[in-house]
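In: Need a 3D model of the following:
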Amino acid sequence: MFDSTNVAALKAEGIDTATLSATNWRYEMNAKGEARTQTIARSLMGNGYHGLLIRSFAPGTKEDDLNLVLWRWGGAPPARLILIHDEGRLGDQRPDALAV
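Out: Below is the predicted model:
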């Protein structure tokens, strides 16, 4: 996972917070074919990252409100993901849908 909350890691990848928080990504995607944030994600994937820990930039959130964005996952390492939902509150209750 790439930790975008780590300022040194951002700097090492040539990424800044302003780009990550830009709200015009749809415009960029339509105008250029790919938004800058999509280019960043493609680069990080190429560097072996399976996902990104990123601050939520939704209105009303604080700096410690985080999202985990996953690009690659499955049932085997190095991108193994096991979903735990003990309370059974997820929409799809099929066992095969839960073992990702």
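In: Quick check: Phe57 vs Gly75, distance?
Out: According to C-beta to C-beta, to the nearest Å, Phe57 and Gly75 sit 31 Å apart. Every C-beta, even on glycine, is put in place using the N, C-alpha and C of the backbone.
In: more neighbours, the two?
Out: Phe57 (13 against 10; other C-beta atoms under 10 Å).
In: Show me the helices in this protein, by range?
Out: For the chain, helices defined by DSSP state H occupy the ranges 7-12, 17-20, 25-32, 36-46, 95-98.
In: and those helices, which is most packed in?
Out: Highest mean neighbour count among the helices of the chain (mean count of other C-beta atoms under 10 Å): helix 36-46, with a mean of 15.
In: ok, and the closest non-adjacent residue to the residue positioned nearest the centre of the chain?
Out: Nearest residue to the geometric centre of the chain (C-alpha atoms, centre = their mean): Val69, 2.1 Å. Nearest residue to Val69, sequence neighbours excluded (C-beta to C-beta, 6 or more residues apart in numbering): Leu52, at 4.5 Å.
In: OK, contacts around the one you found?
Out: By C-beta atoms under 8 Å, 6 or more residues apart in numbering, Leu52 lies in contact with Met1, Phe2, Ser4, Ala41, Leu44, Leu68, Val69, Trp71.
In: now these in TSV, with distance to Arg26?
Out: Conversion of these to TSV gives the following (distance: C-beta to C-beta, whole Å):
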residue	distance to Arg26
Met1	25
Phe2	23
Ser4	20
Ala41	15
Leu44	20
Leu68	22
Val69	17
Trp71	19
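In: Could you tell me which of these belong to strands?
Out: Among those, the residues falling in strands (DSSP state E) are Phe2, Leu68, Val69.
In: And for the nearest residue to the second one once chain neighbours are set aside, the neighbour number?
Out: What it means is Leu68. Spatially, and ignoring its direct neighbours in sequence, Leu68 is nearest to Leu53 (5.7 Å; C-beta to C-beta, 6+ apart). Around Leu53 there are 14 other residues, counting by other C-beta under 10 Å.
In: That's all I had, so thanks and see you.
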